[in-house]
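Asks: pasting a predicted model and its sequence here:
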Amino acid sequence: MPRKANESDNEYRSRVIDPISDSFCAAKWLNATIWLGHGGTASCHHPPAHNIDKEEIKINPSAIHNTRHKKKMRQMMLEGTRPKECEYCWKIEDMDKDSDGHRPVSDRTFKTVIYSDEEIEKIATMDPADDVNLKTLEIAFDRTCQFACSYCNPAFSSTWVKDIRKFGGYENIKSDARGHFIDDAPYADPFNKDDENPYVKAFWEWWPELSLELEELRITGGEPTMSDSVWGLFDWFKDNRDIHPNAKTMRFAINSNLGSKPALIKKLAEATQHVEKFHLYSSGEATGLGGEYIRDGLNWSEWKQNCAIMIREGNMEGFHMMMTINALCLDSIVEFLDWMLGMKREFGASKPRFSVNILRFPSFQSALTLPDHLRQLYHTELKDWLNGVREKNEKDPWGQDLVAPWEQEQLTRLIEYLDVVKTPHRNTADRELLEHDFRVFYEQYDKRRGLDFRKAFPRLVEWYDSLAFTELTKPEDDIQKPKGQRDVEIFAHREVNEDGVVEVKEVRQRTRKTGESLDDYDDTKYEDEPDYKKKSGSSIGWDPDADGLGGQ
């Protein structure tokens, strides 16, 4: 069992994780997100993604997960060194305590406790350079999506791509988020239909071995229901349900925005009938007009109906709500929590369960950009809501807590985060720049999308109107032109070195070079391999922490 009876998260961490090292996280071995459309991977949705080397996967298809970069991070963790790419967890753990006065629980505990003690012992004692078969895998086939959420970007949404190609890049953004919105993310372009995608090829070559041990396969995007490959996986479960040794025990999960047309929602509900253990993940964190503003493309009423349709008609073992905590959602987050509480009363405590994911990139959209008086207001509202839940201590018809202890712990972490943490992440810009970018971004967002910030967030209007920003007197140079017509590709990426230190870089190139890794760990063990090259860093794309994309 991953956790002993009545063992708290902190007790588990003290018993299992701490004896290994102060920085150990099983996700580096047993969990991965892989973007098969363009060849990127990350151990979870917090660190930035790094490129998969196309030459390496010709020899070793499992290298779509077992990259040299991950092996280096595994070594660091076993030695007790904190990879800086995992800063999300270090930020939480360095708070000292949560709002209940306990040692704060970061996501590396949540991403380790799901595995058995035997599995943890095995990876903690093996050579960090060895290949490992995943237990939980999240994959995306492409970035096709009908939503263009404010905290997302063109790397994960084709609708965001249309925004940039129609209007050009967002201008006058001065903080570290500038590269998030200046181009259509050419490195994330899907392969042409006539071209064989080497990452998809490697996945299916690894699949016969991987499928025997995999505990959960989760599809993200883009919007997965818009990808033909996803329906092909549903067919695999249907065809192999009674003949494959793991088809009935493997969890199959979909990250869907549930904003599709009714026919597609019905098709999804029907397809789940052939999967023994199906889980549905969706994203949401705000209600009504505010929710529709943040997640552009959302129809709040229809989305609620689609959630209910999937619960009633789908064959679902679990329904999960991924909340991406940003500066705007806090204005109606209590109402959103109330809606989920009503769903739990009607359908059971697990429909939905929710996770609280704190957005850090783009940093100007972080909740920490808000002024002290608003953060304190939201802090108090959340704390009062949680106290009310605890006083009522409601159960569902099967005796389960409507709000599970681990859900409550995530809320206490957020409550304390709003009170204690002052900057979104280590390399964040100063408050003046964050406030500047908050204003100039949403002014442009409104014009492009036909939206109105002031109507969507009336409690933020006074502060919003007070924000100073520099007027742009002439168009910026080197911003992507509308319709994608430009002589030189310009995009931003992040580079991560051997220690997991991440920096944002602007890149100019005339041709897209998907999959050409810049990894260099200067390790002589790779000298005899055909693809070994000494290079200068690791080329990586944008992480989906904005998200709920995986984390949304």
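Replies: Perfect, I can see it now.
Asks: so where is the chain shaky, pLDDT-wise?
Replies: Segments of the chain classed as low confidence (criterion: pLDDT under 70) are 1, 98-99, 176-179, 187, 189-194, 421-429, 473-552.
Asks: that one: strands as residue ranges?
Replies: With DSSP state E as the definition, the chain shows strands at residue ranges 31-35, 40-42, 50-51, 136-140, 216-220, 251-255, 278-283, 318-325, 353-358, 489-496, 502-509, 539-540.
Asks: quick one: closest of the ones you listed to residue 169.
Replies: Ranking the strands of the chain by proximity to residue 169 (CB to CB) places strand 489-496 first, at 8.4 Å. Just so you know, the C-beta spots here come from the backbone N, C-alpha and C atoms, and that holds for glycine as well.
Asks: what's in contact with stretch 367-374?
Replies: Applying CB atoms under 8 Å, 6 or more residues apart in numbering, the contact partners of stretch 367-374 are 325-327, 330, 358-359, 363, 375, 378, 417-418, 421-424, 431, 434-435, 438, 459-460, 463.
Asks: quick one on the thing from earlier: in a markdown table, list the strands of the chain along with mean neighbour count and distance to residue 335.
Replies: Below are these laid out as a markdown table (neighbours: other CB atoms under 10 Å; distance: least, CB to CB, whole Å):
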| stretch | mean neighbour count | distance to residue 335 |
| --- | --- | --- |
| strand 31-35 | 25 | 30 |
| strand 40-42 | 27 | 32 |
| strand 50-51 | 26 | 38 |
| strand 136-140 | 24 | 29 |
| strand 216-220 | 22 | 27 |
| strand 251-255 | 23 | 23 |
| strand 278-283 | 24 | 16 |
| strand 318-325 | 22 | 13 |
| strand 353-358 | 22 | 14 |
| strand 489-496 | 21 | 35 |
| strand 502-509 | 14 | 35 |
| strand 539-540 | 24 | 37 |
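Asks: list the contacts of residue 147.
Replies: Residue 147 sits next to 157, 159, 223, 257, 259, 295-298 when contact means CB under 8 Å, 6+ apart.
Asks: for it, give its distance to residue 406.
Replies: Taking CB to CB, to the nearest Å as the criterion, residue 147 is separated from residue 406 by 28 Å.
Asks: and what of residue 156?
Replies: 27 Å.
Asks: for residue 468, same thing?
Replies: The separation that residue 468 has from residue 406, given CB to CB, amounts to 42 Å.
Asks: list phi and psi for the residue nearest to residue 37 when sequence neighbours are not counted.
Replies: Of all residues beyond its chain neighbours, the one nearest residue 37 is residue 142 (4.1 Å), with distances taken as CB to CB, 6 or more residues apart in numbering. Torsion angles at residue 142 (phi, psi; degrees, to the nearest 10) stand at phi -160, psi -180.
Asks: would you confirm that residue 142 contacts residue 219?
Replies: No. In this structure, residue 142 sits apart from residue 219 without contact. The criterion is CB atoms under 8 Å, and the distance is 11.1 Å.
Asks: shared neighbours, those two?
Replies: residue 227.
Asks: of the contacts of stretch 367-374, which belong to helices?
Replies: Among the contacts of stretch 367-374, DSSP state H puts 375, 378, 417-418, 431, 434-435, 438, 463 in helices.
Asks: can you get me a residue count around residue 336?
Replies: Residues contacting residue 336 under the criterion other CB atoms under 10 Å number 20.
Asks: surely it and residue 325 touch.
Replies: No. Assessed by CB under 8 Å, residue 336 is found out of contact with residue 325, at 10.9 Å.
Asks: shared neighbours of the two, anything?
Replies: Contact criterion CB under 8 Å, 6+ apart; residues shared by residue 336 and residue 325: residue 285.
Asks: count of residues packed around residue 62?
Replies: Using other CB under 10 Å, residue 62 is surrounded by 19 other residues.
Asks: same check on residue 2?
Replies: Every residue meeting other CB under 10 Å relative to residue 2 is counted, giving 14.
Asks: just give the closest residue to it, not the sequence neighbours.
Replies: In this structure, residue 2 finds its nearest non-sequential neighbour in residue 113, 5.1 Å apart by CB to CB, 6+ apart.
Asks: got the contact list for the one you found?
Replies: For residue 113, the contacting residues are 2-3, 9, 12, 16, taking CB under 8 Å, 6+ apart as the criterion.
Asks: tell me how far the ends of stretch 55-63 are from each other?
Replies: Using CA to CA, to the nearest Å, the gap from the first to the last residue of stretch 55-63 comes to 10 Å.
Asks: any idea how far it is from the chain center?
Replies: The chain centre lies 25 Å from the centre of stretch 55-63; the measure is CA atoms, centre = their mean, to the nearest Å.
Asks: need the residues that contact that stretch.
Replies: With CB under 8 Å, 6+ apart as the contact definition, stretch 55-63 has outside contacts at 52-53, 64, 66-68, 131, 133, 198-199, 201-203, 205-206, 209-210, 517, 529-531.
Asks: circling back to that earlier point, buried among the ones in helices among the contacts of stretch 367-374? Make that a PyMOL selection.
Replies: Filtering these down to the buried ones (16 or more other CB atoms under 10 Å) takes a single PyMOL command:
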select buried, resi 375+378+417+418+434+435+438
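Asks: just the ones in helices among the contacts of stretch 367-374 now: which is nearest residue 43?
Replies: Within the ones in helices among the contacts of stretch 367-374, the smallest distance to residue 43 is 22.2 Å, found for residue 417 (CB to CB).
Asks: quick check: that closest one touching residue 95?
Replies: Yes. Shown here, residue 417 and residue 95 form a contact pair, counting by CB under 8 Å, at 7.1 Å.
Asks: so what's in contact with these two at the same time?
Replies: Common neighbours of residue 417 and residue 95 (criterion: CB under 8 Å, 6+ apart): none identified.
Asks: what's the neighbour count on residue 351?
Replies: When counting by other CB under 10 Å, one arrives at 23 neighbours for residue 351.
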